[in-house]
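A.B. asks: Pasting a predicted model and its sequence here:
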Amino acid sequence: MLVLGIETSCDETGIALYHTERGLLSHALYSQTAMHGEYGGVVPELASRDHIRRVLPLIRQALAAASLDLRNLDAIAYTRGPGLAGALLVGASIATALGFALKIPVLGIHHLEGHLLSPLLSTPAPDFPFVALLVSGGHTQLMEVSGLGQYTLLGETVDDAAGEAFDKTAKLLGLGYPGGPALSKLADEFSSSGQQGQYRLPRPMLHSGDLNFSFSGLKTAVLTLINKHEITEQTTGRIALAFQEAVVDVLTEKSLAALVKTGLTQLVVAGGVGANRQLRKKLCHKAEKIGAKVFFPELEFCTDNGAMIAFAGAMRLQSPALRDWEPADIFTIRARWDLEVQKMPPDA
Ligand code: KG4
Ligand code: ZN
């Protein structure tokens, strides 16, 4: 079965072709970050307009790369939510129109389900059940994943998401948008140059006794440091390192606590912040000590992409219990959508 995946929830247009027997056949991505960078953040109206421009050429590109055409498709999976309403509507309308024209099933996928299943695209892949740490620009959650579509929220951020905190702190340090990767690069360079950190930032909610997170205070702590010290290349590097260490420590400790609490031994890390090298290193090191194993998606599938949506669609289509989860009126989006609540409310 060949599934076309369409991701348009935010500022990346992602397209992919996933075959249930042959695996990922091709994928294509266009990132709008340069366009939004001029404004210091995502401009929703511009995002929607750009998705409209990119989505069909990218579908053609992905099909050509796999030497296939539209008639070979068996199903289409699109990101139904959560995300920017206008951006989601682009993917939903293209998917629905193509599905209608080709007379094939169309499935709306939860963006976070795409992220948390993305490590299953790699080898070795984890088996169910596992704990998932979802760390993206909009979400920071720990989930117990018992099976496909069986998700229990263990804890989440009470304010900013980890990626959002990286981006806001990077902005304070003048690193542009989206600043997460730039901040983390600077922190890594600073620490590998052999220079000492010197600054120590708080580890918010580290001892809260639950699996929740809070990152907005860190941004304020960074601002205090900036106001106290002359900003040079060295102090910027030091602050970046102190910030990264604080976030990585909290994410690592809470993830380990989630493994202990559930008694599970596999941790899946997904979402843009999952690309962070220090987080990867520390999680692997600490997990090994308690006999657990950590699984990450390939770096290119950490951030938003079409492959994770095509894959989640393929998994749902192969599962008889979940195949019919889609309501009859398929052309729907959910800008806000809890992952635990997988069914559409009747009045949506
Ligand atoms: O999953 P994603 O592509 O989009 C959302 O669904 O939000 O995640 C994007 C987020 C951004 O906040 C970005 O700054 C962050 O992931 N990010 C990183 C790194 N790469 C991307 N944060 C820290 N270190 C990185 N290497
Ligand atoms: Zn995402």
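C.D. replies: Nice, I can see it. Residues are numbered from 1 along each chain as shown. Ligands and ions are numbered 1, 2, ... in the order given.
A.B. asks: can we go C-alpha only for contacts and neighbour counts from here?
C.D. replies: Fine.
A.B. asks: Residue 159 should be in a helix, yeah?
C.D. replies: No: Residue 159 sits outside any helix when classified using DSSP: H, G, I helix; E, B strand; the rest coil, being coil.
A.B. asks: confidence score at whichever residue of the stretch 1-150 of the chain sits closest to ligand 1?
C.D. replies: For the stretch 1-150 of the chain and ligand 1, the shortest gap (CA to the nearest ligand atom) falls at residue 137, measuring 3.2 Å. Note on residue 137: pLDDT of 91.
A.B. asks: Please tell me I have it right and it contacts residue 163.
C.D. replies: Yes: counting by CA atoms under 8 Å, residue 137 does reach residue 163; the two are 4.1 Å apart.
A.B. asks: Overlap of the contact sets of those two?
C.D. replies: The overlap between the contact sets of residue 137 and residue 163 (CA atoms under 8 Å, 6 or more residues apart in numbering) consists of 272, 273.
A.B. asks: Same drill for the two, tell me which one is more crowded.
C.D. replies: More crowded of residue 137 and residue 163, by other CA atoms under 10 Å: residue 163, with 25 against 20.
A.B. asks: which residues sit in contact with that one?
C.D. replies: Residues near residue 163 by CA under 8 Å, 6+ apart: 135, 136, 137, 138, 139, 180, 272, 273.
A.B. asks: The residues you listed: which two are farthest apart?
C.D. replies: Maximum pairwise distance among these (CA to CA): 14.2 Å, between 139 and 180.
A.B. asks: quick one: residue 155 is in a helix?
C.D. replies: No: counting by three-state DSSP, residue 155 is not found in a helix; it is strand.
A.B. asks: Based on its surroundings, how many neighbours for it?
C.D. replies: By other CA under 10 Å, 19 other residues sit near residue 155.
A.B. asks: Could you report the distance from it to ligand 1?
C.D. replies: Going from residue 155 to ligand 1 by CA to the nearest ligand atom, to the nearest Å gives 18 Å.
A.B. asks: again with residue 220
C.D. replies: 17 Å.
A.B. asks: Check residue 305 too.
C.D. replies: On the measure of CA to the nearest ligand atom, residue 305 and ligand 1 end up 8 Å apart.
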